[in-house]
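Visitor: 3D model of this:
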Amino acid sequence: MRYNAAMIKPIKTYSLEELQQLMKELDQPVFRAKQLYEWLYLHNASSYDEMTNLPRTLREQLSIDYPLFISNVVDSQTSQDGTAKYVISYHDRARVETVAIPSSDGRLTVCCSTQAGCAMGCAFCATGKEGFTRNLSAGEIVEQVLIVQTRMGKRVSNVVAMGQGEPFLNYEQTLSALRILNDARLLNIGARHITLSTCGILSGIDRLGTEPEQFTLAVSLHAAIQRTRDKIMPGVANYELGKLKTALLKYIERTNRRITLEYAMMNSVNDNENDLKALIEFCEGLLCHVNLIPLNEIEESEFSPSKIQTMDQWYLSLNKSGIETTIRHSRGSDIAGACGQLKNAVKHL
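Guide: Modelled structure (predicted):
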């Protein structure tokens, strides 16, 4: 296919409102946008030729100036716990990993990526060590969910934007993707079953608090002592913990929604008594739930998970302090599909 380089804009970068405007510019009735949207995200069309209720001339024009790029699964692995990991390659060879997590109660959760790679550089994260490639379009984010539905043969019930990338550094496309997932006419995943995870980008937290949808917010905290957090999460060193807490308090006041604080526990790094006291102090006044996560180890890393006894002590102390806390054991660690392990490694071609 020959593309007009001056005009090219992949069709999956458009929101429904932008598609409606595009149809006007192409002298088409506005309802064509809804038809096109449904082909992309309800029927998961792989080419314009499948969109038989669109005029042939429109399909031909769209295929030249607004290409429909389709991603490919270049590797897949299944964990002994049933978790599946897919390495997905896009048209420009950018790659991401997405993880499908089935539950015994019938739920199917997708951990999707919002960027190819990540610029945050967290010292304990395999993705951060790989560096940043580019932002994903809304369609590329949604496509990860569609791939899981097709591969797993069942409807996705929950989505967590906790894969590769910092969602708030790709805010517009990420929110557009979440709205497609939430749309009752399309994937119809409840807003409260969709979680957005951030390292603590203050502007993104502020913006999310003004959005009408009730998406869930999770914050990768990992340390409540500033110097420790700066060391292990250099990408957010400019965002002081005091300002982060202020932003979270404002978010909670606006939305009346509980936030989740993610805390990957690392032996002799962020798990001593002072760290615990700092976390309890940080949580004071916040409507929050704390997830304690034993660090998932990666190759050539100086970090190791906290001891079981330490995890248990923290769990008891936090709950005793009135802070609802869970120890979350990540799924898929045997296939490097758990939190912090995603690095686009291809094992099986």
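Visitor: mind giving me the domain split of the protein?
Guide: The record's domain parsing of the chain by automatic domain parsing lists 11-65, 72-335.
Visitor: Please tabulate these in a markdown table, including the columns mean pLDDT.
Guide: Below are these laid out as a markdown table (pLDDT from 0 to 100):
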| stretch | mean pLDDT |
| --- | --- |
| domain 11-65 | 96 |
| domain 72-335 | 94 |
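Visitor: what's the most buried one of those?
Guide: Using mean count of other CB atoms under 10 Å, the stretch among the domains of the chain with the largest mean neighbour count is domain 72-335, at a mean of 19. The way it works is simple: take the backbone N, C-alpha and C, and place the C-beta from them, glycine included.
Visitor: From the chain's centroid, how far away is that one?
Guide: 7 Å (CA atoms, centre = their mean, to the nearest Å).
Visitor: Please apply the same query to stretch 50-66.
Guide: Worked out by CA atoms, centre = their mean, stretch 50-66 lies 31 Å from the chain centre.
Visitor: Check stretch 35-49 too.
Guide: 23 Å.
Visitor: start to end distance for that stretch?
Guide: End-to-end distance for stretch 35-49: 14 Å, by CA to CA, to the nearest Å.
Visitor: Go ahead and flag the most central residue of the protein.
Guide: Ala161 (1.7 Å; CA atoms, centre = their mean).
Visitor: That one contacts Leu175, correct?
Guide: No. With contacts defined as CB atoms under 8 Å, Ala161 does not count as touching Leu175, sitting 10.0 Å away.
Visitor: hang on, Tyr144 packs against Thr114?
Guide: Tyr isn't right for residue 144; it's Gln. No. Counting by CB under 8 Å, Gln144 sits too far from Thr114 to count as a contact (9.6 Å).
Visitor: Report the set of residues contacting both of the two.
Guide: Counting by CB atoms under 8 Å, 6 or more residues apart in numbering, the contacts common to Gln144 and Thr114 are Gly163.
Visitor: Val145 and Val160, how far apart?
Guide: 11 Å (CB to CB, to the nearest Å).
Visitor: Overlap in contacts, those two.
Guide: 110, 112.
Visitor: all helices of the stretch 101-250 of the chain, in order?
Guide: 126-130, 138-152, 171-182, 202-208, 226-232, 241-255 (DSSP state H, counting those that start in this stretch).
Visitor: which one of those lies closest to Phe303?
Guide: helix 226-232 (8.0 Å; CB to CB).
Visitor: Off-centre distance for stretch 17-33?
Guide: Distance of stretch 17-33 from its chain centroid, counting by CA atoms, centre = their mean, is 30 Å.
Visitor: sorry, back to before: please name the bridge partners of the residue nearest to the centre of the chain.
Guide: Per DSSP bridges, the residues bridged to Ala161 are Leu196.
Visitor: for the closest residue to Ser176 other than its chain neighbours, what are its contacts?
Guide: Counting by CB to CB, 6 or more residues apart in numbering, Ser176 lies nearest to Ala138, which is 3.8 Å off, once chain neighbours are set aside. By CB under 8 Å, 6+ apart, the contact set of Ala138 is 12-13, 15, 173-174, 176-177, 180.
Visitor: Val30 now?
Guide: 20, 23-24.
Visitor: Ile11: what's it in contact with?
Guide: So Ile11 contacts 36, 40, 62, 66-68, 139 (CB under 8 Å, 6+ apart).
Visitor: do that again at 7 Å, thanks
Guide: By CB atoms under 7 Å, 6 or more residues apart in numbering, the residues touching Ile11 are 62, 66-68.
Visitor: so after the helix or strand hosting Val74, what's the next helix or strand?
Guide: Taking DSSP states H and E as the definition, Val74 sits inside strand 72-78. Reading on from strand 72-78 to the C-terminus, the next helix or strand found by DSSP H and E is strand 84-89.
Visitor: and that following strand, what does it pack onto?
Guide: strand 72-78, strand 95-102, helix 138-152 (3 or more CB pairs under 7 Å, 6 or more residues apart in numbering; DSSP states H and E).
Visitor: What pairs with it, parallel or antiparallel?
Guide: strand 72-78 (antiparallel), strand 95-102 (antiparallel).
Visitor: Tabulate those (JSON lines), appending distance to Thr127.
Guide: Listed next are the strands paired with strand 84-89 as JSON lines, based on distance: least, CB to CB, whole Å:
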{"stretch": "strand 72-78", "distance to Thr127": "16"}
{"stretch": "strand 95-102", "distance to Thr127": "8"}
